[in-house]
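In: Can you look at this prediction? I've put the sequence above it.
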Amino acid sequence: MSIQLYNTLSQKKEVFTPINPDEVTMYVCGPTVYNFVHIGNARPVVIFDTLFRLLQRHYPSVKYARNITDVDDKINAAAKANGETIRELSERYALAYHEDMGQLNTLPPTLEPRATDNIDAMIEQIQALIDHGHAYESEGHVLFQVSTDKEYGKLSHRKLDEMIAGASERVDEASYKKEPADFVLWKPSTDDLPGWDSPWGRGRPGWHIECSAMINKHLAKTIDIHGGGQDLIFPHHENEIAQGTCCHNEGEEQFVRYWMHNGYLNIDGEKMSKSLGNFFTVRELLELWPGEVIRYALLTAHYRKPLDWTKDLLASAKASLDRLYGALRDAPLDLDDSVEHPMLSELESHLCDDLSTPQVLAVLHALAGEINKADGNAKVQLQKVLRKAGDFVGLLNQDADAWFKWQPAGQQGGLSDGDIDALIAERAQAKKDKNFARADQIRAELKDQGIILEDSPEGTRWTRD
RNA sequence: GGCGCGAUAGCAAAGCGGUUAUGCACUGGAUUGCAAAUCCACGUAGGCCGGUUCGACUCCGGCUCGCGCCUCCA
């Protein structure tokens, strides 16, 4: 089954053929760690985690790198305000990032290079750009001269002169630039700012250089897949291409073969962004919802489409997962990789079609329907299939009972599991005594606390609403 | 101004030139001491106007509306 991916470069779906099928390479732009990440940051992480899982099933080895940007003017400012080093600040938020992404059941990338550990590679690449006549030094800065790159604009599908014309009011016409579109590779640091020694004096890297330098250093000259949010297409990824190709000999090698970009997350129909301030951090959402609900919600829309983030979306994701976990009641937790089923191939074919996750979720529900109609060994087998299907997209990996008993961190302090079990025992006795009034009273009391009882021949089960 | 994306039933969201998406919500039935869960049944949706076609939600053109990017942003 071949994998098809939409390539921003060609603006169409292409059959994915890696340079080296024995080792697929993928790079995804990670966070700038100066704060807790927001839900918009989580979308690409979940999307590319889903792709990572798919690739791992198709190829023996997948090298997936996701960087941590730990030097940046926002980090510098935040650290200075706290009176700490950028390392201390970024360390703290990198840890929080790992915790948050772990809650979304994302696998750790194969490697996670940090900008500050790779300054040498950046300096080396900048020097190569200068040597090849694509960059120049000016007033302590090193700039990439965009007009020297004939291919510039091929990712964002813009022409350089149009960009300059359209953006004339916005582009920073700093004195040290030869041409307005030139962008910074290296900039000087004053004594109170983090800096590294370089051939151009003590300074720090521009934003774009870290990714192309770390890709060359840790992955390869040419990698298979590079991913990120749509807002990175221009200028960030366009500039990465310029750096990543121009630092080598002319026309030598492609930088990235497949560029993938996820759509935005909207809040009330408006783009969520740090600058607009209309964002939720993953951390605050995790106070109210299980991480799996957030992951499911992110997978309900196709990754290239915008996704409107609302409370209804989360409530609906929760309800959908309730149905899926309902089919996994009493199912063993361990994965049985050997299990086979036509619906697994169907599901895989949807994933292979440019990560068509909405269709994947439909297959999960079809499986749940089959399970609910089956019994005995057939049911057990189908439950194993559903577990495996869920694993394909990083869902349904917890115990169903635990799922139904989950409660928000912010709301703990109500009835404990023990309190509930005691009331259920009392109700069982009342039922035995045909005291249905008392039994119903207990049901009603628990319902007021958000506890739903389900009687069955095997006993009474409860779930938190 | 340049470039791009979208418009599907109450809500969310897919595929597909002719035949069920799916989930949530709603309604009826089965089941249940009462419930819940589950099962069964139930929706001529496809912005507007043309065109192609035996047939269009699906292809083509135009229009309207909404959104994004054009050097802070996932």
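Out: Arrived safely, thanks for sending. Numbers count the residues shown, from 1 in each chain, chains lettered A, B, ... in the order given.
In: where in chain A is pLDDT low?
Out: Per-residue confidence of chain A (counting by pLDDT under 70) places the weak regions at A:162-173, A:250-252, A:412-413.
In: burial count for the residue of it found nearest RNA strand B?
Out: Taking C-beta to the nearest atom of the strand as the measure, chain A has A:Gly229 as its residue closest to RNA strand B, at 1.9 Å. C-beta coordinates here come from the backbone N, C-alpha and C atoms, glycine included. A:Gly229 is surrounded by 20 other residues when neighbours are defined as other C-beta atoms under 10 Å.
In: Could the C-alpha coordinates of the longest helix seen in chain A be exported in CSV?
Out: Taking DSSP state H as the assignment, the helix of chain A that covers the most residues is helix A:39-58. Extracted as CSV, the C-alpha positions of helix A:39-58 are listed here (Å, rounded to 0.1, in the frame of the first residue of the first chain):
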residue,chain,number,x,y,z
ILE,A,39,-3.4,24.0,21.6
GLY,A,40,-2.4,25.4,18.2
ASN,A,41,1.1,24.2,18.8
ALA,A,42,-0.3,20.8,19.7
ARG,A,43,-1.9,20.3,16.3
PRO,A,44,1.2,19.6,14.3
VAL,A,45,2.6,17.5,17.1
VAL,A,46,-0.4,15.2,17.0
ILE,A,47,-0.6,15.2,13.2
PHE,A,48,3.0,14.4,12.7
ASP,A,49,3.0,11.8,15.5
THR,A,50,0.2,10.1,13.5
LEU,A,51,2.4,10.2,10.4
PHE,A,52,5.4,9.0,12.4
ARG,A,53,3.3,6.0,13.5
LEU,A,54,2.2,5.3,9.9
LEU,A,55,5.8,5.5,8.6
GLN,A,56,7.1,3.2,11.2
ARG,A,57,4.6,0.6,10.1
HIS,A,58,5.8,0.9,6.5
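In: Which parts of it count as buried, going by neighbours?
Out: Judged by neighbour count (16 or more other C-beta atoms under 10 Å), helix A:39-58 contains these buried residues: A:39-55, A:58.
In: Ok, stretch A:11-18 next?
Out: A:16, A:18.
In: Strands of the stretch 151-300 of chain A, start to end?
Out: Applying DSSP state E, counting those that start in this stretch to the stretch 151-300 of chain A gives strands spanning A:183-188, A:203-205, A:223-229, A:256-262, A:265-267, A:270-271.
In: Just send those strands back as CSV, with distance to A:Ala378 too.
Out: Written out in CSV, the entries for these read as follows (distance: least, C-beta to C-beta, whole Å):
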stretch, distance to A:Ala378
strand A:183-188, 61
strand A:203-205, 59
strand A:223-229, 39
strand A:256-262, 39
strand A:265-267, 40
strand A:270-271, 48
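In: So for A:Ala81, which of these sits nearest?
Out: When the strands of the stretch 151-300 of chain A are compared for distance to A:Ala81 using C-beta to C-beta, the nearest one is strand A:203-205, at 17.9 Å.
In: tell me how far the closest one is from the chain's mean position?
Out: Offset of strand A:203-205 from its chain centre (C-alpha atoms, centre = their mean, to the nearest Å): 28 Å.
In: which residues touch it?
Out: Taking contacts as C-beta atoms under 8 Å, 6 or more residues apart in numbering, the residues outside strand A:203-205 that touch it are A:71, A:115, A:119, A:122, A:126, A:140, A:185-189, A:193-196.
In: ok, of those, which come out buried?
Out: Judged by neighbour count, with buriedness set by 16+ other C-beta under 10 Å, the buried members of these are A:71, A:115, A:119, A:122, A:126, A:185-189, A:193-196.
In: So which of the residues you listed sit within helices?
Out: Within these, membership in helices is found for A:119, A:122, A:126, as judged by DSSP H.
In: For the residue nearest to the second one when sequence neighbours are not counted, give me its contacts.
Out: When you say that, I think you mean A:Met122. Nearest residue to A:Met122 in three dimensions, chain neighbours excluded: A:Ala213, at 4.3 Å (C-beta to C-beta, 6 or more residues apart in numbering). Taking C-beta under 8 Å, 6+ apart, we find A:Ala213 in contact with A:118, A:121-122, A:124-125, A:243.
In: Can you tell me which of those has the most neighbours?
Out: Sorting the contacts of A:Ala213 by how many neighbours each has (other C-beta under 10 Å) puts A:Gln243 first, at 29 neighbours.
In: The nearest residue to it once chain neighbours are set aside: neighbouring residues, count only.
Out: Distance criterion C-beta to C-beta, 6+ apart; nearest residue to A:Gln243, sequence neighbours excluded, is A:Ser212 at 4.1 Å. The criterion is other C-beta under 10 Å. On that basis, A:Ser212 has 28 neighbouring residues.
In: For A:Tyr64, give me phi and psi.
Out: Dihedral pair for A:Tyr64: phi -110, psi 120, per degrees, to the nearest 10.
In: ok, it to A:Phe48 distance?
Out: Relative to A:Phe48, A:Tyr64 is positioned 8 Å away (C-beta to C-beta, to the nearest Å).
In: who touches both of those two?
Out: When contacts are counted by C-beta under 8 Å, 6+ apart, A:Tyr64 and A:Phe48 have A:26, A:28 as shared neighbours.
In: ranges for the helices of the stretch 251-400 of chain A?
Out: Per DSSP state H, counting those that start in this stretch, the stretch 251-400 of chain A has helices spanning A:282-288, A:291-299, A:311-326, A:342-352, A:357-373, A:376-392, A:400-405. These are given in chain order.
In: Select, out of those, the one closest to A:Met26.
Out: Using C-beta to C-beta and comparing these, the one that lies nearest A:Met26 is helix A:342-352, at 15.2 Å.
In: which strands and helices sit next to that closest one?
Out: Applying 3 or more C-beta pairs under 8 Å, 6 or more residues apart in numbering; DSSP states H and E, one finds that helix A:342-352 contacts helix A:39-58, helix A:357-373, helix A:376-392.
In: now that helix against helix A:357-373, angle please.
Out: Here helix A:342-352 runs at an angle of 170 degrees relative to helix A:357-373 (axes from the mean of the first three to the mean of the last three C-alpha atoms, to 10 degrees).
In: For helix A:342-352, list the C-alpha coordinates in CSV.
Out: Coordinates of each C-alpha in helix A:342-352 appear next as CSV, following Å, rounded to 0.1, in the frame of the first residue of the first chain:
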residue,chain,number,x,y,z
PRO,A,342,-10.2,-6.3,6.8
MET,A,343,-11.1,-3.1,8.6
LEU,A,344,-7.5,-2.7,9.7
SER,A,345,-6.4,-2.5,6.0
GLU,A,346,-9.3,-0.2,5.3
LEU,A,347,-8.2,2.1,8.1
GLU,A,348,-4.6,1.9,6.9
SER,A,349,-5.6,2.8,3.4
HIS,A,350,-7.3,6.0,4.7
LEU,A,351,-4.2,6.9,6.6
CYS,A,352,-2.1,6.3,3.5
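In: does RNA strand B sit close to that helix?
Out: No - using C-beta under 7 Å from any atom of the strand as the criterion, no contacts between helix A:342-352 and RNA strand B are found, and the smallest distance is 7.8 Å.
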